[in-house]
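[1] Take a look and give me a structure for this.
(one chain, ligands or ions: 1)
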Amino acid sequence: MRGNLYIVSAPSGSGKTTLLQHLLRSLKDLKFSVSYTTRRPRQGEQNGMDYFFIDRAAFLRMVEGGQFLEWAEFNGELYGTGRVFVHEQLDTGKDVILDIDVQGTKQVKSKMQDATAIFILPPSFAELERRLKMRMLEPADVIRRRLEIAKGEIQFYRDYDYIIINEVLQNSILLLESIVRSGTVKPQRQQARVEEIIASFGGRA
Ligand code: 5GP
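    Have a look, this model is predicted:
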């Protein structure tokens with residue numbers, strides 16, 4: 001029985017990281033795929049936890065070796081999802097969640113049609129701007145660049161199965177969790193158990 005694959009994308013500052021943290025805390029069996037990236041770690045980020053931080057040469061060697069399920073250039077840096085990790089988890093029945101951009105989602109969806117893609121949107125452009133500035137993690141020019149990128153990214157909302165407008169955090173947490181939990185009651189995820197139940201009816205006809 002294969003696990004389900006989930007994809008979450010969002011413009012930077014939409015609250016995606018917070019939502020994912022809540023989700024992974026409440027769904028202990030859900031596996032987060034740690035991506036590879038050429039960008040520098042931000043304060044507090046840990047290698048192997050938030051990303052595998054590697055240099056461009058190493059990244060390109062992995063591309064050559066076919067080690068990525070998908071990869072893309074975002075804001076001048078390379079980001080990619082390890083192919084083996086995702087397949088190993090899915091093959092052993094684990095659900096996996098990817099935090100990737102809109103380009104990566106297109107690639108994964110073309111290879112794995114049954115992946116469930118979720119897009120997180122801020123309630124408005126002004127709110128996104130406010131959140132990015134409040135975060136005070138980056139200089140003004142980087143924030144401007146992120147906002148420009150966001151304008152392009154939101155055009156891809158049609159590639160997604162679900163859209164969560166992250167207005168009230170608690171509601172968004174519930175919605176995201178419901179989407180992932182509902183995947184566990186799909187018939188294909190319960191086949192073995194259902195067959196047992198049906199067999200148990202066998203002698204009673
Ligand atoms: P950040 O640098 O803010 O951590 O991430 C920038 C963007 O890259 C985000 O939209 C994030 O979802 C995306 N991203 C992170 N990992 C991957 C990956 O493995 N593949 C792709 N395509 N995008 C990624």
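[2] of all of the protein, which residue lies closest to the ligand?
    residue 104 (2.5 Å; C-beta to the nearest ligand atom). C-beta here means a position set from N, CA and C on the backbone, and glycine is covered the same way.
[3] quick one: secondary structure of the nearest residue to that residue once chain neighbours are set aside?
    Among residues not flanking residue 104 along the chain, residue 70 sits closest, at 4.5 Å (C-beta to C-beta, 6 or more residues apart in numbering). Recorded secondary structure, residue 70: strand (DSSP: H, G, I helix; E, B strand; the rest coil).
[4] burial count for residue 70?
    Residue 70 has 24 neighbours, counted by other C-beta atoms under 10 Å.
[5] Also residue 139?
    So residue 139, with other C-beta under 10 Å, has 9 neighbours.
[6] Ok, residue 192 next?
    Neighbour tally, residue 192, other C-beta under 10 Å: 10.
[7] Can you check what pLDDT the model gives the residue lying closest to residue 102 once chain neighbours are set aside?
    Computed as C-beta to C-beta, 6+ apart, the closest residue to residue 102 that is not its neighbour in sequence is residue 156, at 3.9 Å. We have a pLDDT of 96 for residue 156.
[8] So which bits of the chain are right by the ligand?
    Residues of the chain found near the ligand (C-beta under 6 Å from any ligand atom) are 9, 12, 35, 39, 70-72, 74, 79-81, 99-101, 103-104.
[9] Among these, name the buried ones.
    The neighbour-count test (16 or more other C-beta atoms under 10 Å) marks 9, 12, 35, 70-72, 74, 79-81, 99-101, 103-104 as buried among the residues of the chain next to the ligand.
[10] Point out the ones among those that are inside helices.
    103-104 (DSSP state H).
[11] Give me the lowest-pLDDT entry from the buried ones among the residues of the chain next to the ligand.
    Among those, residue 12 has the lowest pLDDT, at 87.
[12] thought that one was touching residue 150?
    Yes: the criterion here is C-beta atoms under 8 Å, and residue 12 meets it with residue 150 at 6.8 Å.
[13] wait, doesn't the residue of the chain closest to the ligand sit right on residue 79?
    Yes: taking C-beta under 8 Å as the definition, residue 104 is a contact partner of residue 79 at 7.3 Å.
[14] Give me the common contacts of these two.
    71-72 (C-beta atoms under 8 Å, 6 or more residues apart in numbering).
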